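1. Task: produce atomic coordinates for the following.
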Amino acid sequence: MIRIAPSLLSADFARLGEEADSVRRGGADWLHYDVMDGIFVPNISFGIPVLASFRKATEMFLDVHLMIDRPVRYVEQFCDAGADMVTVHVEADTEENIAAALRAVRERGKQCGVVIKPATPAAEAEKWLEQVDMVLVMTVEPGFGGQSFMAEQLPKLRTLRAAIDRRHPGCLLEVDGGIDAHTAPLALEAGADVLVAGSAVFKKADRAAAIAALRPAI
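-> Numbers count the residues shown, from 1 in each chain. So this is what the prediction gives:
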């Protein structure tokens, strides 16, 4: 099943509850919540208090993407604030601390995943496959919304799809960055089953049509 996860980074921050409801009614499956600390990436976005407040406004599945330095310090707080899935960048800390972060998320009863930047090889995600519910491949440089899709990441998606199918078929493969009606079919053909889309959904007046345009034709 293909899941569409609109990224709140492109939503109207003053109306997050209404924005969430609009994409829920439009057929979205998840909501993608980007956390940036100004250290790991050159931007700052939402944090723990906003997530806790936002959790009260929606029952949708919250896919929390931590673009932060040393995420092990905060994963439990994000879980307690309402995350359903927490993903951490393999580049953000030592392997020992990434493993500790994933364990902490599991111990809170939530799903966990790892993320890799465009320059990071697939092998750095493959080593975690048996320990995660999802792998997220960035198809833009993390830090800012509205960037163009990096088609050179498609072979990485295919490599990870094959590895997941061999070793951990229940693991999801998510793609984030430049996803729209034109690039979504490329990502799906390469094996993605969760699509994060920001501007392609929240910058459209007709949210249902925007979401429908990302799904494969039946």
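
2. Please count neighbours and contacts with C-alpha atoms only from this point.
-> Fine.

3. pLDDT weak spots in this structure?
-> 145-146, 217-218 (pLDDT under 70).

4. repeat that for 50
-> 218 (pLDDT under 50).

5. That one: helices as residue ranges?
-> 16-25, 48-55, 75-81, 95-107, 123-126, 154-167, 184-189, 199-202, 207-212 (DSSP state H).

6. Most tightly packed of those?
-> Sort the helices of the chain by mean neighbour count, taking mean count of other CA atoms under 10 Å, and helix 199-202 sits at the top with a mean of 24.

7. elements contacting it?
-> Judged by 3 or more CA pairs under 8 Å, 6 or more residues apart in numbering; DSSP states H and E, helix 199-202 is in contact with helix 207-212.

8. Return the distance of stretch 85-105 from the chain's centre.
-> In this view, stretch 85-105 has its centroid 15 Å away from the chain centroid, taken as CA atoms, centre = their mean, to the nearest Å.

9. just to revisit the earlier point, how about the helices of the chain, which one is nearest Val88?
-> helix 95-107 (7.5 Å; CA to CA).

10. list the helices and strands that closest one packs on?
-> helix 75-81, strand 85-89, strand 111-116.

11. and the angle for it with strand 111-116?
-> Angle of helix 95-107 versus strand 111-116, following axes from the mean of the first three to the mean of the last three CA atoms, to 10 degrees, is 150 degrees.

12. Helix 95-107 versus strand 85-89: what angle between them?
-> For helix 95-107 against strand 85-89, the angle by the same axes, to 10 degrees is 180 degrees.

13. need the contact list for the closest residue to Val201 other than its chain neighbours.
-> Of all residues not flanking Val201 in the chain, Ala210 sits nearest, at 5.4 Å (CA to CA, 6 or more residues apart in numbering). Counting by CA atoms under 8 Å, 6 or more residues apart in numbering, Ala210 makes contact with Ala181, Ala200, Val201, Lys204.

14. show me what contacts Asp69?
-> Asp37, Ile39, Phe40, Ala92, Asp93.

15. give me the number of residues near Val114?
-> 26 (other CA atoms under 10 Å).

16. Next, format the helices of the chain as TSV and append distance to Met138.
-> Listed next are these as TSV, based on distance: least, CA to CA, whole Å:
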stretch	distance to Met138
helix 16-25	22
helix 48-55	22
helix 75-81	20
helix 95-107	18
helix 123-126	12
helix 154-167	10
helix 184-189	11
helix 199-202	16
helix 207-212	20
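
17. Would you mind saying which of the ones you listed lies nearest His65?
-> helix 75-81 (10.2 Å).

18. how about the closest one as CSV, C-alpha atoms only?
-> Below are the C-alpha coordinates for helix 75-81, written out as CSV (Å, rounded to 0.1, in the frame of the first residue of the first chain):
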residue,chain,number,x,y,z
VAL,A,75,13.9,10.8,21.0
GLU,A,76,12.0,9.8,24.2
GLN,A,77,10.6,13.3,24.5
PHE,A,78,9.4,13.3,20.9
CYS,A,79,7.7,9.9,21.5
ASP,A,80,6.1,11.2,24.7
ALA,A,81,4.9,14.3,22.8
